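# Please work out how this folds:
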Amino acid sequence: MDTVTLAHAKEHLEELIERASKGEDVRISDPRIGTVRLAIDTDHDADSERPRRPILGQWKGRLTIPERLFEPLNEDELAWLSGENSP
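Numbers count the residues shown, from 1 in each chain. Reported below is the predicted structural model:
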């Protein structure tokens, strides 16, 4: 069992996680909160609680993008964007 300070744990978190994953008992101590134990949950399936993300092609056929979006801007639109027509 190894007890480290909170400051040390902040600087070496990856190392401490690696040690805990190998079965070593790692404890992090802080005078304000006490001591906590770093443990790897082997019975937990991390993917089961993650929300399902939509598949990229899911919106195919439901969403249409107007062709006008890809056309060059006309003179009035360019003037408006540059601020020439502002009061």
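
# C-alpha only now, for contacts and for neighbours.
OK.

# low pLDDT regions in this protein?
Scanning the chain for pLDDT under 70 picks out 1, 42-50, 54, 86-87.

# which residue ranges form the strands in it?
2-5, 26-30, 34-38 (DSSP state E).

# so can I have JSON lines of these showing distance to Asn74 and mean neighbour count?
As requested, these are arranged in JSON lines below (distance: least, Cα to Cα, whole Å; neighbours: other Cα atoms under 10 Å):
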{"stretch": "strand 2-5", "distance to Asn74": "64", "mean neighbour count": "13"}
{"stretch": "strand 26-30", "distance to Asn74": "64", "mean neighbour count": "18"}
{"stretch": "strand 34-38", "distance to Asn74": "62", "mean neighbour count": "13"}
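
# Let me know which of those is the nearest to Lys60.
The closest approach between Lys60 and any of the strands of the chain, judged by Cα to Cα, belongs to strand 34-38 at 45.1 Å.

# re earlier: want to try CSV for the strands of the chain, with distance to Pro72 as columns?
Formatted as CSV, these follow (distance: least, Cα to Cα, whole Å):
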stretch, distance to Pro72
strand 2-5, 61
strand 26-30, 60
strand 34-38, 58
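
# Of all those, which one is nearest Arg62?
Each of the strands of the chain was checked against Arg62 via Cα to Cα, and the shortest separation belongs to strand 34-38, namely 47.2 Å.

# List the strands paired with that closest one, with their directions.
Looking at strand 34-38 with DSSP bridges, its paired strands and their directions are strand 26-30 (antiparallel).

# List the contacts of the partner strand.
Contacts of strand 26-30 from elsewhere in the structure, counted by Cα atoms under 8 Å, 6 or more residues apart in numbering, are 1-6, 9, 16, 19-20, 35-39.

# Can you pick out the most distant pair from those residues?
When the contacts of strand 26-30 are compared pair by pair using Cα to Cα, the farthest-apart members prove to be Arg19 and Thr35, with a separation of 17.4 Å.

# Looking at the contacts of strand 26-30, spot the one nearest Leu81.
Ala9 (51.7 Å).

# State the distance from the closest one to Asp30.
Taking Cα to Cα, to the nearest Å as the measure, Ala9 and Asp30 are separated by 10 Å.

# what's the closest non-adjacent residue to Asn85?
Ala79 (6.2 Å; Cα to Cα, 6 or more residues apart in numbering).

# Good, wrapping up.
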